[in-house]
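Colleague: sharing a model prediction with you, sequence too.
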Amino acid sequence: MTTFRVATRRRLPTLLALCCLGLLAGCAPNARKEAPWYLSADPELYGQLRYWPREEAGSDSGTQCVPASLLNPEALGYRTDDTAGDLWDRVREGYGMDGSVDERRVDRQVGQFTSRQRLFDALGTNASPYLRYVVGELESRKMPLELALLPVVESSYNPGATSRSQAAGIWQIIPGTGKKMGLEQNSWYDGRRDVVASTEAALDYLAALHDRFDGDWYLALAAYNAGEGSVDRAIERNKRLGKPTDYWSLPLSQQACDYVPKLLALSRVLENPDDHDISLAPIPDRAMVAEVTVDSRIDLRRAATEAGMDSGELLRLNQAVRRGVTGPTGTTTILVPVENRDRFLAALDSLPEASAPIRSQYRVRKGDNLRSIARLHQTSAETLRDLNGLKSDRIVAGEFLQLPEDAVLPPQEFPTTASVELRKHGVYRVRPGDNLWRIARAQGVDAATLARLNGLSPDSVLQPGQRLQLRAAVDRSPRVAAPQKVASSALAAPLKAAAATPKKVASPAAMALVSEQQAGTRRIDYTVRPGDSLYRIAGRHKVDLNQLMAWNGIDTRRPLIHAGQSLVVYVDAVLAAGTGAI
């Protein structure tokens, strides 16, 4: 990988054409009139020469009068023909892992690879920008080149790969390990997805593990996958039982037991792909990408457009740059295709600094805490602390928190007639496709109770727009209702009044109240205390958590309460009588 570091931007000089014209004027008069070869050659080649070396003579063959370094471009580190070797051959020559192997476990993994031709078809495209750099780093450290295949096992050389455990990048590094490795992770940049930075960190870690486990690469790889502690515990267990402590004998997880066999199997398949009926496209052994270091905020999409490049390709090469804009401070290393390097540098000269995007804010409410806010916006409490300059997790209701640019904003829900009825009065408006069972499950009530509250049978057919009572429509009192026995005549009063009125029947609410009292339950108004949670309140009153939220119209996606809030709770009458106000 060719590196070009740019501390300050300067417009590229255009002296080459003048130099060539001046020399041509002094060349032999028998030079041909046709256009010289260098005008039709690859112009990117000449961008490497910023000056004409004084000690370097021109070369004149009658048709050519150019610096000797341009006649020998390999002196600049480039190949001008298609004779570059196959990078896979270089990998095979660098194999260096040895030691006893459980052939059965390796052969089993070989069989898995031989049926995955699509993996090898994609490998040429995915690995070609990065493989040569990884190989060079391993060679400079004198590490076995089987390790260059580890990103194939981990991520298929995809910097954008993310696992269920949030491991990211070609080396699949989890956030905590990345921090220990020194990889920066913030709202602008994720070093785990930076191929250069993560490769350096991963190889440092592997080298340290190799030393820690007395030069055993198999144990080092197992620790890289399963963690040092897991390997240490497995070794200690085998020691106590008098068993061998080599990798092949350790009681590790299934994933860790397959990890080394999978890498060795892949190396064998790539060593002789024809023997395994695998078609492997060659990768030219030459630099595919160059590093360019920028020291200001750059919008990669705009830079690509200015340089006439494919913005999608530039973003794929730089997935460490979140949202396609570099950070406001420090320097950032950008990978660009070698053939576009000069155009990219020229574009940086004319590109204005990207403006900072507008951040979203969140207003802290009563009952909020930093971790619940982070979960709501799919970020971390640590990110919120860093972004807002907080020294602890303490926040105050009413203050505003800055959210990171990659925060996920929950959809805004505006109140509707149906939502107000549900929240305030416990009335649900039937939607197309609804049935009693589905509504009961979604609202946290029993289907039979829901049917009874509304004078329906469990198999009743509901009509869209129909209103269902989810709880008894009794008046709320600001104080806890004192537990008292209700005379049977008082319970019957609503029904008698309804019967005395022509063409009217008892309302579902009145019937529900009667059935509720007969069932031995009582409503109380509970005032939330500091430190309370819905789970704690439900347990204290021996009621179902989902029912408690349904009674009070609390959104199950954001079950937040605050001190001083009044909650309706329907409790057993015996419990209420025995404890008074709960």
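Modeller: It's in.

Colleague: what's next to stretch 212-221, contact-wise?
Modeller: Under the criterion CB atoms under 8 Å, 6 or more residues apart in numbering, residues 97, 99, 144, 150, 206, 209-210, 223, 228, 231, 246-248, 259-260, 263 lie in contact with stretch 212-221. In this view, the C-beta of every residue, glycine as well, is placed from N, C-alpha and C.

Colleague: stretch 138-152 too?
Modeller: 90-97, 119, 123, 127, 130-131, 134-135, 157, 170-171, 203, 206-207, 217, 221, 263-264, 266-267, 270.

Colleague: for the closest residue to G324 other than its chain neighbours, which residues are in contact?
Modeller: Spatially, and ignoring its direct neighbours in sequence, G324 is nearest to L300 (4.7 Å; CB to CB, 6 or more residues apart in numbering). Counting by CB under 8 Å, 6+ apart, L300 makes contact with 311, 314-315, 318, 321, 324-326, 334.

Colleague: run through the stretch 1-150 of the chain and note the low-pLDDT ranges.
Modeller: Within the stretch 1-150 of the chain, the stretches with pLDDT under 70 are 1-84.

Colleague: now do the stretch 301-450 of the chain
Modeller: 354-359, 405-406, 410-425.

Colleague: could I have the CA atoms of stretch 383-398 written out in PDB?
Modeller: Output in PDB follows, covering the C-alpha atoms of stretch 383-398 (Å, rounded to 0.1, in the frame of the first residue of the first chain):
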ATOM      1  CA  THR A 383     -20.900   8.300  24.000                       C
ATOM      2  CA  LEU A 384     -23.400  10.700  25.600                       C
ATOM      3  CA  ARG A 385     -21.100  11.500  28.500                       C
ATOM      4  CA  ASP A 386     -18.200  12.300  26.100                       C
ATOM      5  CA  LEU A 387     -20.400  14.300  23.800                       C
ATOM      6  CA  ASN A 388     -21.900  16.400  26.500                       C
ATOM      7  CA  GLY A 389     -18.900  16.700  28.700                       C
ATOM      8  CA  LEU A 390     -20.500  14.900  31.600                       C
ATOM      9  CA  LYS A 391     -18.400  13.700  34.500                       C
ATOM     10  CA  SER A 392     -21.000  11.200  35.700                       C
ATOM     11  CA  ASP A 393     -24.300   9.800  34.700                       C
ATOM     12  CA  ARG A 394     -26.300  12.400  36.700                       C
ATOM     13  CA  ILE A 395     -28.700  14.400  34.500                       C
ATOM     14  CA  VAL A 396     -31.500  16.900  35.400                       C
ATOM     15  CA  ALA A 397     -35.000  17.000  34.100                       C
ATOM     16  CA  GLY A 398     -35.400  19.900  31.600                       C
END
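
Colleague: buried residues in that stretch?
Modeller: Buried residues in stretch 383-398, defined by neighbour count with 16 or more other CB atoms under 10 Å: 383-385, 387, 395.

Colleague: export those as JSON lines, with columns for secondary structure.
Modeller: Listed next are the buried residues of stretch 383-398 as JSON lines, based on DSSP: H, G, I helix; E, B strand; the rest coil:
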{"residue": "T383", "secondary structure": "helix"}
{"residue": "L384", "secondary structure": "helix"}
{"residue": "R385", "secondary structure": "helix"}
{"residue": "L387", "secondary structure": "helix"}
{"residue": "I395", "secondary structure": "coil"}
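
Colleague: average pLDDT across stretch 276-287?
Modeller: Mean pLDDT, computed over stretch 276-287, is 93.

Colleague: in it, which residues are buried?
Modeller: 276, 278, 280, 283, 285, 287.

Colleague: check stretch 540-558 too.
Modeller: Those would be 541, 543, 545-554, for stretch 540-558 by 16+ other CB under 10 Å.

Colleague: checking my notes, L468 in a strand, right?
Modeller: Yes: L468: assigned to a strand according to three-state DSSP.

Colleague: who does it bridge with?
Modeller: Y428 (DSSP bridges).

Colleague: looks like it contacts D434 (just checking).
Modeller: No: the pair L468 and D434 fails to qualify as a contact (CB atoms under 8 Å) at a distance of 9.0 Å.

Colleague: pull up the overlap in contacts between those two.
Modeller: With CB under 8 Å, 6+ apart as the test, L468 and D434 both reach L462.

Colleague: these two: which has the busier surroundings?
Modeller: Under the criterion of other CB atoms under 10 Å, the comparison of L468 against D434 puts L468 first, with 23 against 17.

Colleague: now do the contacts for that one.
Modeller: Applying CB under 8 Å, 6+ apart, the residues near L468 are 427-430, 439, 450, 453-454, 462.

Colleague: related to what we said a few turns ago, which of the contacts of L300 sits closest to P404?
Modeller: V325 (12.8 Å; CB to CB).

Colleague: what about R522, which SS state?
Modeller: strand.

Colleague: tell me, how many residues neighbour it?
Modeller: When neighbours are counted by other CB under 10 Å, R522 comes out with 21.

Colleague: do S128 as well
Modeller: 17.

Colleague: distance of the nearest residue to it once chain neighbours are set aside relative to R141?
Modeller: Excluding its sequence neighbours, the residue lying closest to S128 (CB to CB, 6+ apart) is I283, at 4.9 Å. Using CB to CB, to the nearest Å, I283 is found at 21 Å from R141.

Colleague: quick revisit: any chance of JSON lines for the contacts of L468, columns distance to D532 and neighbour count?
Modeller: Formatted as JSON lines, the contacts of L468 follow (distance: CB to CB, whole Å; neighbours: other CB atoms under 10 Å):
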{"residue": "V427", "distance to D532": "27", "neighbour count": "18"}
{"residue": "Y428", "distance to D532": "27", "neighbour count": "23"}
{"residue": "R429", "distance to D532": "31", "neighbour count": "16"}
{"residue": "V430", "distance to D532": "33", "neighbour count": "17"}
{"residue": "I439", "distance to D532": "28", "neighbour count": "18"}
{"residue": "L450", "distance to D532": "28", "neighbour count": "21"}
{"residue": "L453", "distance to D532": "28", "neighbour count": "24"}
{"residue": "N454", "distance to D532": "32", "neighbour count": "20"}
{"residue": "L462", "distance to D532": "36", "neighbour count": "18"}
